[in-house]
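**Q** predicted model, plus sequence, below.
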Amino acid sequence: MSNTNKLQSGNYYSLNELLSNNHKIIIPDLQRDYCWGNKIHGEKDKTELVTGFLDSLLESFNEKKEEDLTLGMIYAYENPTKHIHLCDGQQRITTLFLLLGMLNKEMSNLIQHKLISEQEMQDDYEPYLRYAVRENTLFFMMDLVKEYFLKNDSSTEIPSEYIKKQDWYHEEHNLDASVQSMLSALDIIAVAFMPSQEHKGFKDIDKGLFSLFLLEKVKILYYDMENRTHGEEMFVIINTTGEPLTASENIKPILLSQIKDTTTTEQEVQQKYNDQWEDREDFFWRNRKDGEPTADAGVNEFLTWFLQIELQQDAVSITREYFKKVGIPPELNTNFNEHWYCDLLNKIEKYFLVLKYLIDNIELIKNGKEFHIIDFKSLTSGKKIGNNEKVALYPVLIYLVNTASFEWKNNQYQINQTKINNAELYRIIRFFSNVSKNTQAVQESIALAKGIKESVLDLLKPTNEYKNTLTEEEIYKLKLYKNPPPNIKREELEHIFWKAEDHKYLHGKIECLLENSKTSDVLDISKFKDLWENYHNIINLGVDLIIRFILTEGDFAVYDTTGTNGNLIGDKYYFPYDYPDWRTFFTNKSEKGYKIFFDALSKISGDIKDSNYKEYIETFLKNFDADKITDWRKFLIKNEEILKYSKQKYFLFEWHNEKSIYVMTSSKLTTGSYKKLEKEFN
């Protein structure tokens, strides 16, 4: 960087480059006070930000000292040349300057040339960092550098106590918020360097190497606001917590300042894309969660979705991963050209338009269907979504972006809604909403969605690559949708399956019903209907009644692997009694009870559909001859008090004595929590 050149927008600069060549980094009067040293952040406003900042610098130094550390973007304007007025980035730059000052003091002025130029040391002692927020702060910073950072002394006092005793420290400094926060920051830095302080090894580092790391490896992306007017406009959107601009605010100026289009003027193009961006911000503002002051969270989350889909990474830090070199991510486009930014902004707009279409037209898409699907509107508040939700959301966005027809009308992109197949769109939504209940394979679902050209049936691919999403059950159902059994249409078959998938105990998986509805390995749809009818009618009856009824078919108790201790040693078994138990039971084919349960259901008389299931089962149990059963089941079938006593449906079979069966009130075997079956339940 030459002495005459201005800083270039979009370039990364090290502290070494910024704090040299007689630069003046000016905190203008439009800025807020320095506040990172104050305990006004975090939960209940009890946290300062300096400690966390130091920790992150130290971690990078210890683990990746050979790599550049990018601290985001600073917005500034340079007027006159070498006078850099910060519009954002004050808190980071000031904290780094204070840290360099303390390091210089520790190392006997080894890096004093990065605090103040040789020329200034012969003149007014004006440091590289100039605080013009107010005159009092300006003079304090000058004195701090000259009288404290550049002077060697043997004082062991913490900085704030020592400084306040000096004759250059004035009474008005006590009323200056920036000065007081700087003093607090200096104390935090000093404590971190104390030999007795355990601060993640801070006291043990080589301060010379650490200083070199800060000066050479810490980089900041510079964005030129051109003049004070633009700087003031940018300042008003920055919040008052001292935090840097959000990711969306970082991305917006980079993209809008780089776009080119040969079909119209640069100003018109920028205005077009700026209007699009503001429309998105307005949308997320209207849909923000309660108490959220801005649209930032919603915009940032939406951009994260876009980047995760395009980069196909599980996690994306928008500024760090996406804009390593002036916003050009090689992961997205290896053949960069002058139209790249327009193409990117167009693609972002397409993702937004399809999201908006899904929200605005969801009732049209559902067409009266009331099956479970993802709630698109609930995702727009800015709350970070989990992987299960991403599995449900991302493929739908991808499918619509790839298949919808976009048109340029009234100076904006629009979706040609007449060309969207809402019936097929619903099937896509339903498929991924359902599989998302049982998988977090985000990248797999993205890859699958990109292969859909027209229909969900495009997922029928001869591959084992997507086994977390395309399970054997899902493939089997898709094949049935493609070629339905005789005497049933695809739509009816889908509705039957979807209704079963939505039952809370089955949780998206109906393999248990499918496997027990086959005749000669071929699905008997009539049998499936009967089995489903019986299942959803009895499953909500009292659990004790269900257990006793199924026991008439066979022993379906589940083995508990946790074992026992104490006076009674043996094997524990239990029957499903709550939501997690039943859900596990119906998705675990290896359990012997899996088939027994459905064999019992299949024997329920067909004419029960028009009568009372509870009454039917109670009558069945009353008339059932339990004495013909020779094992322990007969006691439970005959005596309903046993299961009432066993609240969690646990039983212990004592070793070496198969007739010693104990009824437990819970899974824990404690004194007074069990009774012997035959002895106490005659």
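**A** Nice, thanks for sending it over.

**Q** name the SS class of W408, please.
**A** strand (DSSP: H, G, I helix; E, B strand; the rest coil).

**Q** now do it against V401, distance only.
**A** Distance of W408 to V401, given as C-beta to C-beta, to the nearest Å: 16 Å. C-beta here means a position set from N, CA and C on the backbone, and glycine is covered the same way.

**Q** ok, these two, which is more surrounded?
**A** For W408 and V401, the more surrounded residue by other C-beta atoms under 10 Å is V401, and the numbers stand at 19 against 9.

**Q** gap between that one and I420?
**A** With C-beta to C-beta as the criterion, V401 and I420 are 12 Å apart.

**Q** and what of M121?
**A** Counting by C-beta to C-beta, the gap from M121 to I420 is 70 Å.

**Q** what mean pLDDT does stretch 372-390 have?
**A** Mean pLDDT, stretch 372-390: 90.

**Q** equivalent analysis for stretch 347-359, please.
**A** Mean predicted confidence for stretch 347-359 is 94.

**Q** kindly report the same for stretch 113-130.
**A** Mean predicted lDDT for stretch 113-130 stands at 87.

**Q** where does the stretch 501-650 of the chain have low pLDDT?
**A** 564-567, 589-592, 605-611 (pLDDT under 70).

**Q** strands of that one, start to end?
**A** In the stretch 501-650 of the chain, the segments counted as strands under DSSP state E, counting those that start in this stretch are 518-519, 522-523, 558-560, 570-574, 650-654.

**Q** neighbours around the spatially closest residue to V145 that is not a sequence neighbour, how many?
**A** Nearest residue to V145, sequence neighbours excluded (C-beta to C-beta, 6 or more residues apart in numbering): P127, at 4.3 Å. For P127, the neighbour count with other C-beta under 10 Å is 24.

**Q** what about P127, distance to G386?
**A** 48 Å.

**Q** before we move on, what about N287?
**A** For N287 relative to G386 (C-beta to C-beta), the value is 19 Å.

**Q** between those two, who's got more neighbours?
**A** N287 (17 against 11).

**Q** surely the more buried one meets K383?
**A** No. Between N287 and K383 there is no contact under C-beta atoms under 8 Å: 10.9 Å.

**Q** rewinding a little: and the residue nearest to V145, what does it touch?
**A** When contacts are counted by C-beta atoms under 8 Å, 6 or more residues apart in numbering, P127 touches F97, L115, I116, E120, M141, M142, V145.

**Q** and W305, what does it touch?
**A** Per C-beta under 8 Å, 6+ apart, neighbours of W305: Y351, K390, L393, Y394, L397.

**Q** what do you get for A404?
**A** Counted by C-beta under 8 Å, 6+ apart, A404 has contacts K350, V354, Y357, I415, N416, K419, I420.

**Q** before we move on, what about T137?
**A** Y131, D176, S178, V179.

**Q** look up the closest residue to R427, ignoring the ones flanking it.
**A** Nearest residue to R427 in three dimensions, chain neighbours excluded: V456, at 4.6 Å (C-beta to C-beta, 6+ apart).

**Q** wait, doesn't that neighbour sit right on I428?
**A** Yes. The criterion here is C-beta under 8 Å, and V456 meets it with I428 at 5.4 Å.

**Q** just the pLDDT at T240, thanks.
**A** For T240, the model assigns a pLDDT of 35.

**Q** what about K467, which SS state?
**A** From three-state DSSP, the assignment for K467 is coil.

**Q** okay, now it: neighbour count?
**A** 14.

**Q** could you report the pLDDT at it?
**A** pLDDT, K467: 83.

**Q** quickly note the distance from the residue nearest to T552 when sequence neighbours are not counted to E66.
**A** Nearest residue to T552 in three dimensions, chain neighbours excluded: F624, at 5.6 Å (C-beta to C-beta, 6+ apart). According to C-beta to C-beta, F624 and E66 sit 77 Å apart.

**Q** over to N534?
**A** In terms of C-beta to C-beta, N534 sits 67 Å off from E66.

**Q** more neighbours, these two?
**A** Using other C-beta under 10 Å, the more surrounded residue of N534 and E66 is N534, with 21 against 6.

**Q** how many residues are close by the residue nearest to K453 when sequence neighbours are not counted?
**A** Once flanking residues are discounted, K453 sits nearest to T403: 7.5 Å by C-beta to C-beta, 6+ apart. Using other C-beta under 10 Å, T403 is surrounded by 18 other residues.

**Q** contacting residues for T403?
**A** If you count contacts by C-beta under 8 Å, 6+ apart, then T403 has I452, K453, E454 around it.

**Q** identify, from those, the entry nearest to L460.
**A** I452 (10.8 Å; C-beta to C-beta).

**Q** is it correct that that closest one is in contact with N402?
**A** Yes. With contact defined as C-beta under 8 Å, I452 and N402 form a contacting pair (7.5 Å).

**Q** higher neighbour count, these two?
**A** When I452 and N402 are compared for neighbours, I452 comes out ahead with 19 against 14, by other C-beta under 10 Å.

**Q** so that one, which of the three states?
**A** Under three-state DSSP, I452 comes out as coil.

**Q** how close does it sit to F213?
**A** Distance of I452 to F213, given as C-beta to C-beta: 48 Å.

**Q** what does W36 give?
**A** Distance from W36 to F213, by C-beta to C-beta: 20 Å.

**Q** which one's more surrounded, these two?
**A** Taking other C-beta under 10 Å, W36 and F213 do not tie; W36 has more neighbours (26 against 21).

**Q** got the contact list for the more buried one?
**A** Applying C-beta under 8 Å, 6+ apart, the residues near W36 are E48, L49, V50, F53, Q91, T94, T95, S181, A185, G242.

**Q** can you give me the end-to-end span of stretch 366-383?
**A** 25 Å (C-alpha to C-alpha, to the nearest Å).

**Q** now do the buried residues in it.
**A** F371, I373, I374, F376, L379, T380, G382 (16 or more other C-beta atoms under 10 Å).

**Q** just the CA atoms of stretch 498-509, as PDB, please.
**A** In PDB, the C-alpha atoms belonging to stretch 498-509 read as follows (Å, rounded to 0.1, in the frame of the first residue of the first chain):
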ATOM      1  CA  TRP A 498     -50.800 -39.900   5.300                       C
ATOM      2  CA  LYS A 499     -53.500 -40.200   8.000                       C
ATOM      3  CA  ALA A 500     -51.800 -43.200   9.500                       C
ATOM      4  CA  GLU A 501     -48.400 -41.500   9.300                       C
ATOM      5  CA  ASP A 502     -49.700 -38.500  11.300                       C
ATOM      6  CA  HIS A 503     -50.700 -40.700  14.300                       C
ATOM      7  CA  LYS A 504     -48.500 -39.600  17.200                       C
ATOM      8  CA  TYR A 505     -47.400 -43.100  18.100                       C
ATOM      9  CA  LEU A 506     -46.400 -44.000  14.600                       C
ATOM     10  CA  HIS A 507     -44.600 -40.600  14.000                       C
ATOM     11  CA  GLY A 508     -44.300 -40.800  10.300                       C
ATOM     12  CA  LYS A 509     -43.500 -44.500  10.100                       C
END
